[in-house]
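Dropping a prediction and its sequence here:
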Amino acid sequence: MKRNNKIICLILAAVLMFSFTACGGTQQSAAPQQTPAETTENSNPQQTPAETTENSNPQQAPESKPEEKAETDETSSENNEESTAETDTVFDAADAVSIEAVDNGVKYTFNTMPQTAADIKALVDEFGLSDRHNTTAFFMASYVRYIDDADEGLAMIDVLKGPQPLSDSEKAFISERLSDKKYLPKSYFEGAKPENNYEPEIPWTIVVSDEAVSAPEGYSYTTVSSGGADNPRRVCLRIKGDNHYLWEYNGVLLSIRLPAEEDPWL
Amino acid sequence: MGLFDKIFEKKICDICGGEIGLLGNRKLEDGNCCKNCAGKLSPFFSDRRSSTIEDIKEQLAYREANKAEVEKFDTTRIIGGDSTKIHIDENARKFMVTSARNLREANPDVIDFALVTGCEIDISEDREEEKRKDAEGNMVSYMPPRYSCSYDFEFTIYVNHPYFSEINFRLNSSSVQTTPEGGVPAARIPDPRNNYEYREYEQMGNEIKAILTQARQDARDVIAAAAAPKTAATCPYCGATTIPDANGCCEFCGGAMG
């Protein structure tokens, strides 16, 4: 009899324990007293103690030691500096320019304007000079750069001149023509008009058109239009092998209408 | 066979003594000149056929001496068109007209302002009728006829030079179109002066004309002043009546006599 009562008590205790667990375990009065070990082990039968400790707050990063944290910070900052420096120095020619065929010409959208001779070389390596429109477009971008840095602009133009770089008289002529017309190069880009002082739309976009007149053998022509001129301006290129190199470009140095800020009659 | 012998006969250049290849002969009045020697002559020289061997040799000597002039030429100003430009040395009162990039190689003639006798700008109009294709593929006129107009700007400098009398070049590299594509009826052809490029080239021509004319006049004034007979004047310092020396100073006290 006593033995049966013991068994019945154990069974009742197990049932009560089971129902206590199913109800969330807040009522301790009904639950039999348990040892701490048992409590820990049985509070969440699906997790081990180690898992419980680790997953108590899954949103927190694991705490690291201060030294390790400092090293991590230094490493990450160095990586950031390197990536920033790389961004500054590497000119991605493929991303810098978008090219699109349009009616009677080619449209170039400069997402990043080239700044150095190395940038022009990168563009040449990427797109080549077998298309005369490319040479003209890259020249016009170099022309814009000339205003901010004449030496750099001339170095960029020299890349496109092929086997015959700019002579001293050519450099002097460019300098004289642009000395009082800083607005001239950017007037060839879309959106640049006398009314807005020749500020082009961003990104810088230019259309290089075909010339109606045929060029002599060994040469090719393109034209570019300025927002301040009535006629397109011719650029002459000289062909060597498959490449079209810059040859004559004085048409783009010809004067255009004054920008609004310089026109005394506006 | 005598005729063929004459055609294929080896000719010798009377200037340099070298052999003249096929199609390389440049005939002179009294001899032959190879294309190398002819290439060294002034680009503005057009009188080769009526020149003698001696004339050509003299000119080549002048062209050789011109190299030294090009060497010491100090360009202070560049004016001109898309291709051919005028390089001016205002200090030495000289100029040269060239489209070359390498001046040493091209050896353009260095000309004194005083040799300029005149300048002229000639604006030539080219009016073309635009036609269209009819249903049968024939080119027919519009009704009323439509025209496209374009202009070219030729500049001529007249000089009193021993080997040439005029320098001719075009200011514009491509003709200036003043009508829209497809042309316009004759009654609606716009005044070309409404076109910006037309005005620019016209102004450029007038500017060159003014510069060269003024420079010519200044050079002539200098020459005239140097050649004018000296008149006696009173020295403001010592009161002597005397003719100023070459420096314009009194021969007695050395004071400046204005």
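Great, that's in hand.

so B:His87, which of the three states?
Under DSSP: H, G, I helix; E, B strand; the rest coil, the three-state class of B:His87 is strand.

Skip the chain neighbours and tell me the closest residue to it.
Spatially, and ignoring its direct neighbours in sequence, B:His87 is nearest to B:Thr75 (4.7 Å; CB to CB, 6 or more residues apart in numbering or on different chains). Every C-beta, even on glycine, is put in place using the N, C-alpha and C of the backbone.

residues from chain A in reach of chain B?
Residues of chain A found near chain B (CB under 8 Å from any CB of the partner chain) are A:164, A:167, A:169-170, A:172-173, A:176, A:211, A:213, A:228-231, A:234, A:236, A:248, A:250-251, A:254-257.

Could you report the neighbour count for the closest residue to A:Pro259 other than its chain neighbours?
Excluding its sequence neighbours, the residue lying closest to A:Pro259 (CB to CB, 6+ apart) is A:Asn197, at 4.1 Å. Neighbourhood size, A:Asn197 [other CB atoms under 10 Å in any protein chain shown]: 16.

can you map out the strands along the stretch 1-150 of chain B?
Here the stretch 1-150 of chain B has its strands, by DSSP state E, counting those that start in this stretch, at B:11-12, B:19-20, B:25-27, B:32-34, B:77-80, B:85-89, B:94-98, B:111-112, B:116-133, B:139-159.

how about the fourth one: buried residues?
Looking back up the chat, that one is strand B:32-34. B:32-34 (16 or more other CB atoms under 10 Å in any protein chain shown).

Find the nearest non-adjacent residue to the residue nearest the centre of chain A, please.
Nearest to the mean C-alpha position of chain A, by CA atoms, centre = their mean, lies A:Asp95 at 7.4 Å. Using CB to CB, 6+ apart and skipping the chain neighbours, the partner closest in space to A:Asp95 is A:Asn111 (6.2 Å).

Identify the spatial nearest neighbour of residue 128, chain neighbours not counted.
Going with chain A. Among residues not flanking A:Gly128 along the chain, A:Asn134 sits closest, at 6.5 Å (CB to CB, 6+ apart).

My question was about chain B, not that one.
Excluding its sequence neighbours, the residue lying closest to B:Glu128 (CB to CB, 6+ apart) is B:Ser148, at 5.1 Å.

what's in contact with stretch A:200-216?
Applying CB atoms under 8 Å, 6 or more residues apart in numbering or on different chains, the contact partners of stretch A:200-216 are A:102, A:104-111, A:113, A:133, A:136-137, A:140-141, A:144, A:186, A:188-192, A:221-225, A:232, A:234, A:236, B:174.

Look at the residue most central in space within chain B and report its pLDDT.
For chain B, B:Ile167 is the residue whose C-alpha lies nearest the centre (CA atoms, centre = their mean; 2.9 Å). On pLDDT, B:Ile167 comes in at 94.

any chance of the strands of the stretch 1-150 of chain B in JSON lines, with mean pLDDT and distance to B:Ala68 too?
Output for these, formatted as JSON lines (pLDDT from 0 to 100; distance: least, CB to CB, whole Å):
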{"stretch": "strand B:11-12", "mean pLDDT": "86", "distance to B:Ala68": "30"}
{"stretch": "strand B:19-20", "mean pLDDT": "85", "distance to B:Ala68": "29"}
{"stretch": "strand B:25-27", "mean pLDDT": "85", "distance to B:Ala68": "26"}
{"stretch": "strand B:32-34", "mean pLDDT": "88", "distance to B:Ala68": "24"}
{"stretch": "strand B:77-80", "mean pLDDT": "83", "distance to B:Ala68": "21"}
{"stretch": "strand B:85-89", "mean pLDDT": "90", "distance to B:Ala68": "14"}
{"stretch": "strand B:94-98", "mean pLDDT": "93", "distance to B:Ala68": "13"}
{"stretch": "strand B:111-112", "mean pLDDT": "93", "distance to B:Ala68": "15"}
{"stretch": "strand B:116-133", "mean pLDDT": "92", "distance to B:Ala68": "22"}
{"stretch": "strand B:139-159", "mean pLDDT": "93", "distance to B:Ala68": "20"}
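
Save the ones you listed as a markdown table, and put in distance to B:Ala61 too.
Formatted as a markdown table, the strands of the stretch 1-150 of chain B follow (distance: least, CB to CB, whole Å):
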| stretch | distance to B:Ala61 |
| --- | --- |
| strand B:11-12 | 20 |
| strand B:19-20 | 21 |
| strand B:25-27 | 18 |
| strand B:32-34 | 15 |
| strand B:77-80 | 29 |
| strand B:85-89 | 23 |
| strand B:94-98 | 19 |
| strand B:111-112 | 17 |
| strand B:116-133 | 24 |
| strand B:139-159 | 19 |
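
need the contact list for B:Arg220.
B:Ala114.

a helix runs through it, doesn't it?
Yes. Membership of B:Arg220 in a helix is supported by three-state DSSP.
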